[in-house]
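*Asks:* For reference, the sequence and a predicted model appear below.
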Amino acid sequence: MDYPRAEIYLDRLEYNSRKVVTLCGSRGIDVAAVTKGFCAYPQIAEAILRGA
C-alpha cells in the first residue's frame, strides 16, 4: 500500500475521549467531537461517545 492512510485504534480513541472529557469537565468546559475527516464512520463516532 503506497498511498496515505490512517490507522485508527478505537480503544485508544475511546480512552483519549474519556480523558479529554474528564479533564475539560473538571474545568467546566463542554466537549464536542467532529468526525468529518472520517466521513462520520459509525465505529469512530461510537468510540468517542463511549468515552464521553
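*Replies:* Great, that's in hand. The structure displayed is predicted, hence computed values, not measured ones.

*Asks:* Would you mind pulling the contact partners of the helix or strand of the chain with the lowest mean pLDDT?
*Replies:* Within the chain, no helix or strand scores below helix 42-51, which has a mean of 91 by mean pLDDT, DSSP states H and E. By CB atoms under 8 Å, 6 or more residues apart in numbering, the residues outside helix 42-51 that reach it are 8, 10-11, 13-21, 33, 35, 38. For the C-beta atoms, the positions are set from N, CA and C on the backbone; glycine is no exception.

*Asks:* How far does that helix sit from its chain's centre?
*Replies:* Relative to its chain's centre, helix 42-51 lies at 6 Å (CA atoms, centre = their mean, to the nearest Å).

*Asks:* What residues sit buried inside it?
*Replies:* Under the neighbour-count criterion of 16 or more other CB atoms under 10 Å, helix 42-51 has Ile44, Ala47, Ile48, Gly51 buried.

*Asks:* Go through this protein and flag its longest helix.
*Replies:* If you go by DSSP state H, the chain has its longest helix at helix 10-25.

*Asks:* That one - contacts with which helices or strands?
*Replies:* Applying 3 or more CB pairs under 8 Å, 6 or more residues apart in numbering; DSSP states H and E, one finds that helix 10-25 contacts helix 42-51.

*Asks:* ok and the helix it packs on relative to helix 10-25, angle-wise?
*Replies:* Per axes from the mean of the first three to the mean of the last three CA atoms, to 10 degrees, the angle that helix 42-51 makes with helix 10-25 is 40 degrees.

*Asks:* please renumber so the chain begins at 17
*Replies:* All set: I'll call the first residue 17, so the last point we hit is now helix 58-67.

*Asks:* Alpha carbons only: can I get helix 58-67 in PDB?
*Replies:* Once non-C-alpha atoms are left out, helix 58-67 reads as follows in PDB (Å, rounded to 0.1, in the frame of the first residue of the first chain):
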ATOM      1  CA  PRO A  58     -20.000   4.900  12.800                       C
ATOM      2  CA  GLN A  59     -17.400   3.000  14.700                       C
ATOM      3  CA  ILE A  60     -15.300   6.100  15.300                       C
ATOM      4  CA  ALA A  61     -18.400   8.100  16.500                       C
ATOM      5  CA  GLU A  62     -19.400   5.200  18.800                       C
ATOM      6  CA  ALA A  63     -15.900   5.000  20.300                       C
ATOM      7  CA  ILE A  64     -15.900   8.800  21.000                       C
ATOM      8  CA  LEU A  65     -19.400   8.500  22.600                       C
ATOM      9  CA  ARG A  66     -18.300   5.600  24.800                       C
ATOM     10  CA  GLY A  67     -15.600   7.800  26.200                       C
END
